[in-house]
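K.L.:
structure, please.
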Amino acid sequence: MKAIVVSAAGGPEVLEYTDSDVPPMGPHEVLIGVAAAGVNFIDIYQREGIYDMPLPYVPGLEGSGTITAVGTNVTEFAVGNRVAWAGGLGSYAQQVVRHPDTLVRVPDAVTDLQAAQLMLQGLTAHYLITSVFDIKPGHTALVHAAAGGVGLLLCQLITQRGGTVIGTVSTEAKEQAALAAGARHIIRYDREPVEDRALSLTDGQGVDVVYDGVGKSTFDASLASLKTRGLLALFGQSSGAVEAFDPQILNQRGSLSLTRPSLAHFVATPEELRWRASELFGAVEAGTLELTLQDTYSLEETAQAHKDLASRATSGKLILLPR
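P.N.:
From the prediction side, this is the model:
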């Protein structure tokens, strides 16, 4: 099969499009023909060596496709089932092996492209607004990178739960995208201090929660934008890792809370994974959740996909089409 293999940490040039052996399938596993694989910032962190990776490896933590073979001990899935997954390397390839506990069934009304878009980013948005901070009517949330893949989903889901979204963006096009997704207010961080505008929009009180997937460049403004006893959910670091700081700052700014969540801890069981996915798939089927596909790429174009995502000029999801 064809796959992307990384043999050394580095820039997009280390993403080698090459022939690769089909991964071996154990008796408790299934083999899947990959129809779509998502491209995410964590793929870049892994490729660059920010995260220690076993070399060589096939990148890609999410995707969708059709089961082509099942292990002798697998009973809950069959050949021909359409499935999607999040977590575990190997999705930048034409075929991947997965354990059934990591899979969700894809409804007939949901396409492979939609399913791949909903896994890492959709599941992340879901746990952020349900389990990290349970958004309810009257809550106000500051969403950084509101026109990004997770940001656009957060805008919709928070608004549907009765919350108010203040979104940060850097361009007119991204402003319009975030507003269309449900953001009530927009802060152009290229033009004005985020914390000043966030406080102004909340009558000086601050927001209940900040959803920050940017990290280093937004961390201070995120803390400064919170109300007393507010929560900062730092779920990513697209601008770099946050530097060490004195926890006393959280006290000084109003007994703030800080959490650094990871998706793996919020899909820790098959039941939790499938609950979250079913709610997202159901929303797509009902027409209440709109997915934004920025672009698709062949496997040969994976390096370009990484360059496009790293430029932060995209709005919405980037998908590889391995087949």
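K.L.:
low-confidence ranges in this structure?
P.N.:
Scanning the chain for pLDDT under 70 picks out nothing.
K.L.:
list of residues touching whichever helix in the chain runs longest?
P.N.:
Secondary structure assigned by DSSP state H gives helix 270-286 as the longest helix of the chain. Residues from elsewhere that reach helix 270-286, judged by CB atoms under 8 Å, 6 or more residues apart in numbering: 84, 86, 100-102, 104, 106-107, 109-110, 114-115, 118-119, 122-123, 126-127, 130, 266-267, 289, 291. C-beta here means a position set from N, CA and C on the backbone, and glycine is covered the same way.
K.L.:
next up, the contacts around residue 108.
P.N.:
Contacts of residue 108 (CB under 8 Å, 6+ apart): none.
K.L.:
what element comes up after the longest helix of the chain heading to the C-terminus?
P.N.:
With elements assigned by DSSP states H and E, the helix or strand that comes after helix 270-286 is strand 293-298.
K.L.:
how far away from the center of its chain is that next one?
P.N.:
Its chain's C-alpha centre and that of strand 293-298 lie 16 Å apart, by CA atoms, centre = their mean, to the nearest Å.
K.L.:
for stretch 230-247, same thing?
P.N.:
With CA atoms, centre = their mean, you get 16 Å for stretch 230-247.
K.L.:
residue ranges for the strands of the stretch 101-250 of the chain, please.
P.N.:
103-105, 140-143, 164-169, 185-188, 207-212, 226-234 (DSSP state E, counting those that start in this stretch).
K.L.:
columns distance to residue 256 on top of the ones you listed, output as TSV?
P.N.:
Below are these laid out as TSV (distance: least, CB to CB, whole Å):
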stretch	distance to residue 256
strand 103-105	35
strand 140-143	13
strand 164-169	17
strand 185-188	20
strand 207-212	10
strand 226-234	5
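K.L.:
out of these, flag the one nearest residue 6.
P.N.:
strand 103-105 (24.4 Å; CB to CB).
K.L.:
including distance to residue 69 and mean neighbour count, could the strands of the stretch 101-250 of the chain go into CSV?
P.N.:
Below are those laid out as CSV (distance: least, CB to CB, whole Å; neighbours: other CB atoms under 10 Å):
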stretch, distance to residue 69, mean neighbour count
strand 103-105, 14, 22
strand 140-143, 42, 28
strand 164-169, 44, 26
strand 185-188, 49, 20
strand 207-212, 40, 27
strand 226-234, 40, 20
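K.L.:
can you say which of those strands is nearest to residue 45?
P.N.:
strand 226-234 (14.5 Å).
K.L.:
which residue is the nearest non-sequential neighbour of the residue nearest to the spatial centre of the chain?
P.N.:
Computing the C-alpha centroid of the chain and ranking residues by CA atoms, centre = their mean puts residue 121 first, at 2.6 Å. Excluding the flanking residues, the one nearest residue 121 by CB to CB, 6 or more residues apart in numbering is residue 149, at 4.4 Å.
K.L.:
give the buried residues for the longest helix of the chain.
P.N.:
Neighbour counts using 16 or more other CB atoms under 10 Å place 273, 274, 276, 277, 280, 281, 283, 284 of helix 270-286 among the buried residues.
K.L.:
farthest from the middle of the chain: give me that residue.
P.N.:
Outermost residue of the chain (CA atoms, centre = their mean): residue 72, 33.2 Å.
K.L.:
many thanks, have a good one.
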